[in-house]
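A.B. asks: coords please:
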Amino acid sequence: MIQIREVTKRYGAKTVVDRLSFSAKPGQVTGFLGPNGAGKSTTMRMIIGLDAPTSGDVLINGKPYVSSKAPLHELGGLLDAKAVHPGRTAVSHLLALARTHGIPRSRVDEVLGMAGLSAVANKRVGAFSLGMGQRLGIAAALLGDPAVVMLDEPVNGLDPEGVLWVRNLLAGLAAEGRTVMLSSHLMSEVSLIADHLIIIGRGKLLADTTVAELVTAEGVRVVTADPDALRTVISGPGVTVTSTGAEELLVSGTSARQIGLAAARRGIPLFELTPQNASLEEAFMDLTRDAVEYEAAR
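C.D. replies: As a prediction, the model looks like this:
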């Protein structure tokens, strides 16, 4: 488990993280989101012990990460896939990490295989593509078979096969009871991967929720041969019906089930009956609108 308790981080007069509290729990994938400058990277650096909080506590499985005698077994992290000596091969990079913890060569070979890098294990990292470097970073994060995995932008540079691999990998790790936390700007991917969401802005907690709770229903799209008749049937207090096409209506204030039952009772044929939800990206933009640090001119 990752626990952030009333954490503040200041650099001089600037407060980057402001009394932030949240938990990433075992058995689920936690998406860690926020606009640029929100304090995500600083928070993750504090989690992994690269920065110390000005105040508050950061705990991994009940204790500070820096106090662990075998940190790679506690938390595997990927913050910067480029932070590898370019002259090393993939296998030598992982072996150097493994030897600090007494991890056997067999585990190095195992994570190289998991990451799809066995064929390039002896290739220098400096010649790796962005996606290959990302796979190596994930392999390093998994090297100690950790109970907690924290990844920053894990699908950056990956092709569709690689994105699917990461998606399945994280779901599998959570299913094994591990704590999984990822930060990403790809909202569509987070909506597919994450069970839980932590959203911050200007260093403060904006939401501690699920995708389903954050993304609210916008209405029901109905395609019918007789929109006027359907409008009459379903109209009532709190129900709004908007024509969006010759045979298409957008209905809010009632459910797809109620619309379907009302149409069936009157013999009105329906060709489509689809609940419409706002995307995670839209919900995120609405939530963080006042917390954007860097905004382009429109």
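
A.B. asks: give me every residue that touches Leu75.
C.D. replies: Contact partners of Leu75, counting by CB atoms under 8 Å, 6 or more residues apart in numbering, are Ile47, Ile48, Ile60, Tyr65, Ser68, Pro146, Ala147, Val148, Val149, Met150. (Each C-beta comes from the backbone N, C-alpha and C, glycine too.)

A.B. asks: now, of these, which are buried?
C.D. replies: Taking 16 or more other CB atoms under 10 Å as the criterion, what is buried in the contacts of Leu75 is Ile47, Ile48, Ile60, Tyr65, Pro146, Ala147, Val148, Val149, Met150.

A.B. asks: which pLDDT value belongs to the first one?
C.D. replies: Which is Ile47. What the model reports for Ile47 is a pLDDT of 96.

A.B. asks: so it touches Ile2, yeah?
C.D. replies: Yes. Counting by CB atoms under 8 Å, Ile47 touches Ile2, with 6.1 Å between them.

A.B. asks: average pLDDT for the helix or strand where Asn168 lies?
C.D. replies: Using DSSP states H and E, the element containing Asn168 is helix 160-175. Helix 160-175 carries an average pLDDT of 95.

A.B. asks: just stretch 213-229 next, same as before
C.D. replies: 87.

A.B. asks: just the buried residues of it, please?
C.D. replies: Leu214, Val215, Gly219, Val220, Arg221, Val222, Val223, Thr224, Asp226, Pro227.

A.B. asks: pretty sure Ala229 contacts Ile268?
C.D. replies: Yes. Using CB under 8 Å, Ala229 is in contact with Ile268, at 5.4 Å.

A.B. asks: list residues touching both of these two?
C.D. replies: Common contacts of Ala229 and Ile268, defined by CB under 8 Å, 6+ apart, are absent altogether.

A.B. asks: can I get whichever strand or helix holds Gly219 as CSV, trimmed to CA atoms?
C.D. replies: For Gly219, the host element (DSSP H and E) is strand 217-224. Extracted in CSV, the C-alpha atoms of strand 217-224 (Å, rounded to 0.1, in the frame of the first residue of the first chain):
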residue,chain,number,x,y,z
ALA,A,217,-24.2,10.2,-17.6
GLU,A,218,-25.1,12.9,-20.2
GLY,A,219,-28.3,11.2,-21.5
VAL,A,220,-29.6,8.5,-23.8
ARG,A,221,-29.3,8.6,-27.6
VAL,A,222,-32.4,7.2,-29.2
VAL,A,223,-32.9,6.5,-32.9
THR,A,224,-36.5,5.8,-33.9
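
A.B. asks: can you list contacts of the helix or strand just after that strand?
C.D. replies: Counting by DSSP H and E, the next helix or strand C-terminal to strand 217-224 is helix 227-234. Residues outside helix 227-234 that contact it (CB under 8 Å, 6+ apart): 222, 224, 241, 243, 246-249, 251, 254, 258-259, 262-263, 265-266, 268, 270.

A.B. asks: what's the burial count for Gly267?
C.D. replies: Neighbour count for Gly267, taken as other CB atoms under 10 Å: 8.

A.B. asks: kindly report the same for Asn168.
C.D. replies: Asn168 has 11 neighbours, counted by other CB under 10 Å.

A.B. asks: separation between it and Thr30?
C.D. replies: 17 Å (CB to CB, to the nearest Å).

A.B. asks: outline the domain layout of this structure.
C.D. replies: Domain assignment for the chain by automatic domain parsing gives 2-211, 217-277.
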